[in-house]
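Student: Turn this into a model:
(6 chains)
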6 protein chains.
Amino acid sequence: MKIERGLYIGRFQPYHNGHQSVLERISKQVDEIIIGIGSAQFSHDVKNPFTAGERIMMITRSLEDLPCRYYVIPIEDLQRNALWVAHVTSMAPPFTRVFSSNPLVMQLFSEKGITVESPDMYERESHSGTEIRKRMLEGSDWQKLVPPSVVDVMEEIKGVERFCRISGTD
Amino acid sequence: MKIERGLYIGRFQPYHNGHQSVLERISKQVDEIIIGIGSAQFSHDVKNPFTAGERIMMITRSLEDLPCRYYVIPIEDLQRNALWVAHVTSMAPPFTRVFSSNPLVMQLFSEKGITVESPDMYERESHSGTEIRKRMLEGSDWQKLVPPSVVDVMEEIKGVERFCRISGTD
Amino acid sequence: MKIERGLYIGRFQPYHNGHQSVLERISKQVDEIIIGIGSAQFSHDVKNPFTAGERIMMITRSLEDLPCRYYVIPIEDLQRNALWVAHVTSMAPPFTRVFSSNPLVMQLFSEKGITVESPDMYERESHSGTEIRKRMLEGSDWQKLVPPSVVDVMEEIKGVERFCRISGTD
Amino acid sequence: MKIERGLYIGRFQPYHNGHQSVLERISKQVDEIIIGIGSAQFSHDVKNPFTAGERIMMITRSLEDLPCRYYVIPIEDLQRNALWVAHVTSMAPPFTRVFSSNPLVMQLFSEKGITVESPDMYERESHSGTEIRKRMLEGSDWQKLVPPSVVDVMEEIKGVERFCRISGTD
Amino acid sequence: MKIERGLYIGRFQPYHNGHQSVLERISKQVDEIIIGIGSAQFSHDVKNPFTAGERIMMITRSLEDLPCRYYVIPIEDLQRNALWVAHVTSMAPPFTRVFSSNPLVMQLFSEKGITVESPDMYERESHSGTEIRKRMLEGSDWQKLVPPSVVDVMEEIKGVERFCRISGTD
Amino acid sequence: MKIERGLYIGRFQPYHNGHQSVLERISKQVDEIIIGIGSAQFSHDVKNPFTAGERIMMITRSLEDLPCRYYVIPIEDLQRNALWVAHVTSMAPPFTRVFSSNPLVMQLFSEKGITVESPDMYERESHSGTEIRKRMLEGSDWQKLVPPSVVDVMEEIKGVERFCRISGTD
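Tutor: Now for the predicted structure:
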């Protein structure tokens, strides 16, 4: 019996309920999930406030009850799109399905003959990293858009303070 | 008898009639032309949709009747402007003339004591990569701005579909 | 209650019984283990024949019964030793203990004020990547030095054939 | 007697009276000053027109009368914020105090347990690299915002001409 | 009618009669040849004395009478073997056949499903870059192992003097 | 009156009496000296045990009485020899003379039209980084080969302990 693995890629700045809901659905479709953390080398900037290690924490704590095995793998951004599929493939266990709604990811895999499945995103408008980071800056309610474990990690790492400071507001 | 080589640098995203017309004129002024493909490592992004290999195809197919020998050389962007002239020089056969109307290229060579000749661009307004990429997205007529071979390459590589997809429109 | 995490770093070319025995012992001393795969970007060379993805497979399949949670994280080699501890720290969840018998790893962490614990290696002579790779080339028995899952992965990826070929023997 | 060294980091594009006034004040508070030139590898672009070597010239000529020893050290930008403090630390002599009013620098050091002191900037509005570069382009008076030696260096390297040209104005 | 392109990769340090003879044979088997210059960014070291530009010169001057179109493309070494095939593919026009007798090249392409054809090398013992560089150092006859144009290029660039000097002999 | 600057490049692993004696002689021939610290990004390895910051310390403390102004500038190794002269030039103030007895440095500058002056090395056999590092490992007398300040720095940074440990001896 062959293990079927699915790949799901995101930047997870931060990990939120939209990601969680997609992963729960994917977990019913494959045997194992590979969660690739994109732009892994970036942190402490306005689009990428959190380190790869911090993002691994957010994800694994939130997925404790996921019914299938999963791998969380940092993927550094090489800034050479034509090499990206080979790069991901070399960093991850073998996979046969890819889930993404990012147009570039879809295009890059499709040029290598791999069809990308586009999962419906749960309440996409509000459930985006951009929206959550905006709320962190404004001081409005971002906590309800993320799993409780992410709120815990944010407190532990003082993530909102960091993000506000590097955004020049505070 | 010394061979006189001229260097012409561009990103060629895509190669168009403006480039073609400049190269035809240069071919009467030098013995051999070196065509440097700048930002060679980039592809699949909104400013650089096509790979270096694809750009080599567009150029060589369009220049089949050029009356002089030419070299087409990908030049990766090191993102260190102060090293760029040395980088180009190490990747190309020796050259004595440089043709460009890019202000940065002109400045970098002139600081090394090399005068850059600025060829008149044929119908510059419409004959620019930016304009052609804009037309590709809009679905308006870009084909007449490029040599017929470039239209063929675009079909072969499904270039317009790629570009529309990564631009998030389709 | 604070989670205590221990870091264990290796190149795992390939993963073998020595690593397995150390990890089983560490699993009794900490709550969670972070397994860092060093030189993650290298593969297909005589010292690093296997990709990070393949090494993740070897490790996770061998550790199915480990009594504690663990993370397997590829760590690319930046070739700047003075930045290595910061690099590992940014890629991994927070850890308070480090296990290694590599002199450089011990030195780099100790300069940052972190004491490294040196686990006894099980039958160190034969249980080394160097010895196992030597046996693969010679065709002598390497299988007994690794967990059964590693033998399976080797078959799946045709790892010995690859290694012999790139070593120029076959 | 332990030498107390203070670190002061900037891009110095170009060095101006604001920097000079801060350094004069710091020189009374520490034994030695380390002046780190950030983004050292960049030059010839609209935000970073001058090379590291040129910036070293501007700084050392302007500080001839500084009453304490100082070091001027180019710091290349690794574009990995999580490694930046380790990078600076490895490139500089040991330091115990850091002076900066850049929010990112303050955050990165504070996460490593180092408190950053924020010197008052002298007439901050006008004394900024952005303002001075703007005036260079417009042809209005930038000279009074920088030490006389910086005007000399600009003439020697034809800095304003370079900057105007690469900005596409001239 | 589809154009069949063959890829031939080497470091060409320097280009010699063995390469020439292989390329002449390949020219009868494909429509167009892509000659990839490996380790393109290296020069001035004992294994890689000549720049990519110099190697392009050696090759193109020697192939003036080749009966088919060919492309000479510098391929920088990324030092990530798992990405190498994708890298070459992005830098070159599309190809359907690969010619090489290098075990690593053969392995990397075969893992991507591309069979590599291994051309017989003409008098392999003496016709190797290593042998030729050894003779350059010793002052014995290397000229008869390379095409006459390579001797010319060596004189033009003072290649033997450079190589002897950096080898610390002279 | 034009300032004449001389460039002197070394790895300074560690700085020793041979370097000191050369610099004292050069100080009589030029107005200012630029001391470039090569391979600046490396440390904690058997050929490069000390960081750039530590090497800056060794040099500046030893040169307190030098009768001319000097600059100590870390030069990262780009591993692209053809770009090295441009790299050094961009990182340093302008210089007109170069002092070195390294064959590669001499060759690279001479190809750019700059003659390198080769200073006699004081007791070259024993006064080399290799010899001093060997003595550190053996525990024999290295201290007499370096200026007293270097002994102090070694104690402050526990340099010999570090070097022995990473060399796997101790």
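Student: Show me what the strand or helix carrying residue A:8 packs onto, helices and strands only.
Tutor: For residue A:8, the host element (DSSP states H and E) is strand A:5-10. Packing partners of strand A:5-10 (3 or more CB pairs under 8 Å, 6 or more residues apart in numbering or on different chains; DSSP states H and E): helix A:17-26, strand A:32-37, strand A:97-99. From N, CA and C alone the C-beta is placed, and that goes for glycine too.
Student: I figured residue A:74 hits residue A:51, correct?
Tutor: No. Using CB atoms under 8 Å, residue A:74 is not in contact with residue A:51; the gap is 9.3 Å.
Student: ok, now which ones touch the closest residue to chain B within chain A?
Tutor: Closest residue of chain A to chain B, CB to the nearest CB: residue A:81 (3.7 Å). Going by CB atoms under 8 Å, 6 or more residues apart in numbering or on different chains, residue A:81 touches A:104, A:108, B:42-45.
Student: Read off the pLDDT value for it.
Tutor: In this model, residue A:81 is scored at 98, pLDDT.
Student: quick one: it from residue C:107, how far?
Tutor: Distance, residue A:81 to residue C:107, by CB to CB, to the nearest Å: 38 Å.
Student: ok, residue A:164 - how many residues close by?
Tutor: 18 (other CB atoms under 10 Å in any protein chain shown).
Student: Looks to me like it is in a strand.
Tutor: No. Counting by DSSP: H, G, I helix; E, B strand; the rest coil, residue A:164 is located in no strand; its state is helix.
Student: thinking it is in contact with residue A:137, fair?
Tutor: Yes. The criterion here is CB under 8 Å, and residue A:164 meets it with residue A:137 at 6.2 Å.
Student: beta partners of the closest residue to residue A:105 other than its chain neighbours?
Tutor: Distances taken as CB to CB, 6 or more residues apart in numbering or on different chains place residue A:9 nearest to residue A:105, at 5.9 Å, with adjacent residues excluded. In this entry, residue A:9 is beta-bridged to residue A:36, by DSSP bridges.
Student: related to what we said a few turns ago, tabulate the helices and strands packed on strand A:5-10 (TSV), appending distance to residue F:69, mean pLDDT and mean neighbour count.
Tutor: Shown next, in TSV, are the helices and strands packed on strand A:5-10 (distance: least, CB to CB, whole Å; pLDDT from 0 to 100; neighbours: other CB atoms under 10 Å in any protein chain shown):
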stretch	distance to residue F:69	mean pLDDT	mean neighbour count
helix A:17-26	58	96	19
strand A:32-37	49	97	23
strand A:97-99	60	97	21
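Student: Arrange these in TSV, one row each, with distance to residue F:37 as further columns.
Tutor: Formatted as TSV, those follow (distance: least, CB to CB, whole Å):
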stretch	distance to residue F:37
helix A:17-26	46
strand A:32-37	36
strand A:97-99	47
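Student: Of all these, which one is nearest residue F:126?
Tutor: Of all the helices and strands packed on strand A:5-10, it is strand A:32-37 that lies closest to residue F:126, at 52.3 Å by CB to CB.
Student: who's in contact with the closest one?
Tutor: A:3-12, A:23, A:26-27, A:52, A:55-56, A:59, A:66, A:68-75, A:88, A:91-93, A:95.
Student: and the next helix or strand after it, does that touch chain C?
Tutor: Next along the chain after strand A:32-37, taking DSSP H and E as the criterion, comes helix A:52-62. Yes. Judged by CB under 8 Å from any CB of the partner chain, helix A:52-62 comes into contact with chain C at A:52-54, A:56-57, A:60.
Student: average pLDDT for stretch A:100-110?
Tutor: 95.
Student: what's that stretch in contact with?
Tutor: For stretch A:100-110, contacts defined as CB under 8 Å, 6+ apart pick out A:8-9, A:81, A:84-85, A:98, A:115-119, A:121, B:44-45, B:162, B:165-168, B:170.
Student: for chain C, what are the nearby residues on chain A?
Tutor: Taking CB under 8 Å from any CB, the part of chain A that reaches chain C is made up of A:40, A:43, A:51-54, A:56-57, A:60, A:69, A:71-74, A:76, A:89-94.
Student: okay, the contacts of residue A:81 in TSV with neighbour count next?
Tutor: TSV is the format used below for the contacts of residue A:81 (neighbours: other CB atoms under 10 Å in any protein chain shown):
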residue	neighbour count
A:104	17
A:108	24
B:42	22
B:43	23
B:44	21
B:45	15
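Student: On the pLDDT front, check residue A:115 for me.
Tutor: If you check residue A:115, the pLDDT there is 88.
Student: Name the helix or strand for the nearest residue to residue A:154 once chain neighbours are set aside, please.
Tutor: Spatial nearest neighbour of residue A:154, chain neighbours left out: residue A:160 (5.9 Å); criterion: CB to CB, 6+ apart. Residue A:160 is part of helix A:159-166 when elements are defined by DSSP H and E.
Student: in that helix, what counts as buried?
Tutor: Judged by neighbour count using 16 or more other CB atoms under 10 Å in any protein chain shown, the buried positions of helix A:159-166 are A:159-160, A:162-166.
Student: go on, stretch A:108-121?
Tutor: Buried residues in stretch A:108-121, counted by 16+ other CB under 10 Å: A:108-110, A:114, A:116, A:119.
Student: picking that back up, any of the residues of helix A:52-62 next to chain C buried? List them.
Tutor: Buried among the residues of helix A:52-62 next to chain C (16+ other CB under 10 Å): A:52-54, A:56-57, A:60.
Student: Surely residue A:162 is in contact with residue A:49?
Tutor: Yes. Residue A:162 sits in contact with residue A:49 when judged by CB under 8 Å, with a separation of 6.3 Å.
Student: Mind telling me what element the residue nearest to residue A:60 when sequence neighbours are not counted is part of?
Tutor: Leaving out its chain neighbours, the residue that sits closest to residue A:60 by CB to CB, 6+ apart is residue A:72, at 6.0 Å. Assigned by DSSP H and E, residue A:72 belongs to strand A:69-74.
Student: what helices or strands is that strand leaning on?
Tutor: So strand A:69-74, by 3+ CB pairs under 8 Å, 6+ apart, packs with strand A:32-37, helix A:52-62, helix C:52-62, strand C:69-74.
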